[in-house]
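Visitor: kindly generate the corresponding structure for this input.
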Amino acid sequence: MKLTTFLSQTNLEHSLLLGYYGGGNYGDELLLEVLQNLLSGGGVKDVVVAYKDPRNYASMHHDFGYKIINIESKQALTRAALRSKKIVVGGGGLWGVDMNANTFMLSAFLWVCRWLLHKKVYLLGVGYYRSTTPVGRVAAWLAGKAANLVLARDTETHKNFSRITSHVYWDVDIAWYVNQLDLGAYEREAHELDKKLKLRGKTIFMAPRRWQAKRQQATFGQFNELLAECAAANKTKDAIIALAESESKGPELYRWARGLRTKHRHVRLLDFAHNPLALFLFFKKHHKDLSVIAPQLHIIATAHLTKTSFMPLVYDNKVHELLKNIGVSDDRQLPINRVTQADLQASVDAFYGSNA
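Guide: The predicted structure is shown next:
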């Protein structure tokens, strides 16, 4: 079953929509914007969206007429759950290497909603990977047992959830449905982003990554320094350092990026305080002039969907699954903990040496 089929066959009025929304993370905000477009386009009017900081919602999303509540307010979340008839988790590799306490609480919340509150629970376009922690596997079991239906975004997720429930179908990531949307409403925001970044020709689009667990510190710290070295070694080539989540989530990463911009005049910064579909349109417009060096799944997915060149970096099973699904063979995938400065420079040289 595909997401569009499910949406056409299922009444999702009176739903509570959950995800890792409101953290300013490009990928999760993209999933939310695409899914809200699909719901609204299907005529669904009564949806409550749980969002980390509702004050920031309007800066990253359009108004679909849905109620936005603070996911960190236990009272608001409880009231919404009691009032809603369906609980929908809208995308994300929740049960993977980035597993945390919030994901466990979400999974337990889903179990309570299904078996104690007798709600319908749907997991749409989600990811569950062997790379998760032991606690992550318990959390995935709770979520899987709670779910009336799971739409798995890749083969590994389908296999893992199939061990828990028979109500699982193989689909794609929700971001893949962006090409079914009318993006005309985002042209103005894309134009504003275009004016802000002022591309002057070929540009390297680099995205450092904040580590979300101590075990990731060495890997992502080293990768971020490789990006800095690459920028320093290519002073005649424009570069954008893209910070894929809000400053409140990663203030140290913003300080690092500002220091890099201060040292190098050819470096510009991009934060993600923009509608994610505006960035998608920016990529689409400038796909011949951009080359992406980033490990984030949804930045890679955006590059692929807009025909923008990218390095096939892998930091987790979910990225491996994505690359496999779009035809990047295992021998071409670059594990992020083994990538070198020579690999980054080879990517830059190939891009600038190409007439594409």
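Visitor: which stretches in the stretch 101-250 of the chain count as helices?
Guide: For the stretch 101-250 of the chain, the helices defined by DSSP state H, counting those that start in this stretch cover 101-115, 134-146, 155-162, 187-197, 217-233.
Visitor: how about those helices in JSON lines, adding mean neighbour count and mean pLDDT?
Guide: No exception for glycine: its C-beta is placed from N, CA and C like everyone else's. What follows is those, written out as JSON lines (neighbours: other Cβ atoms under 10 Å; pLDDT from 0 to 100):
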{"stretch": "helix 101-115", "mean neighbour count": "18", "mean pLDDT": "97"}
{"stretch": "helix 134-146", "mean neighbour count": "20", "mean pLDDT": "98"}
{"stretch": "helix 155-162", "mean neighbour count": "20", "mean pLDDT": "98"}
{"stretch": "helix 187-197", "mean neighbour count": "15", "mean pLDDT": "95"}
{"stretch": "helix 217-233", "mean neighbour count": "17", "mean pLDDT": "89"}
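Visitor: could you dump the strand or helix carrying residue 27 to CSV, C-alpha only?
Guide: In this assignment (DSSP states H and E), residue 27 forms part of helix 26-41. Extracted in CSV, the C-alpha atoms of helix 26-41 (Å, rounded to 0.1, in the frame of the first residue of the first chain):
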residue,chain,number,x,y,z
TYR,A,26,15.2,20.4,7.7
GLY,A,27,14.2,16.8,7.2
ASP,A,28,11.5,16.6,9.8
GLU,A,29,10.1,20.0,8.8
LEU,A,30,10.0,18.8,5.2
LEU,A,31,8.1,15.7,6.1
LEU,A,32,5.6,17.8,8.1
GLU,A,33,5.0,20.3,5.3
VAL,A,34,4.6,17.6,2.6
LEU,A,35,2.2,15.5,4.8
GLN,A,36,0.1,18.6,5.7
ASN,A,37,-0.2,19.4,2.0
LEU,A,38,-1.4,15.9,1.3
LEU,A,39,-3.9,15.9,4.1
SER,A,40,-5.2,19.3,3.2
GLY,A,41,-5.4,18.4,-0.5
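Visitor: adjacent strands (with direction) for the helix or strand that it is followed by?
Guide: Using DSSP H and E, the helix or strand that follows helix 26-41 in sequence is strand 47-51. Strand 47-51 sits in its sheet next to strand 15-18 (parallel), strand 67-70 (parallel), going by DSSP bridges.
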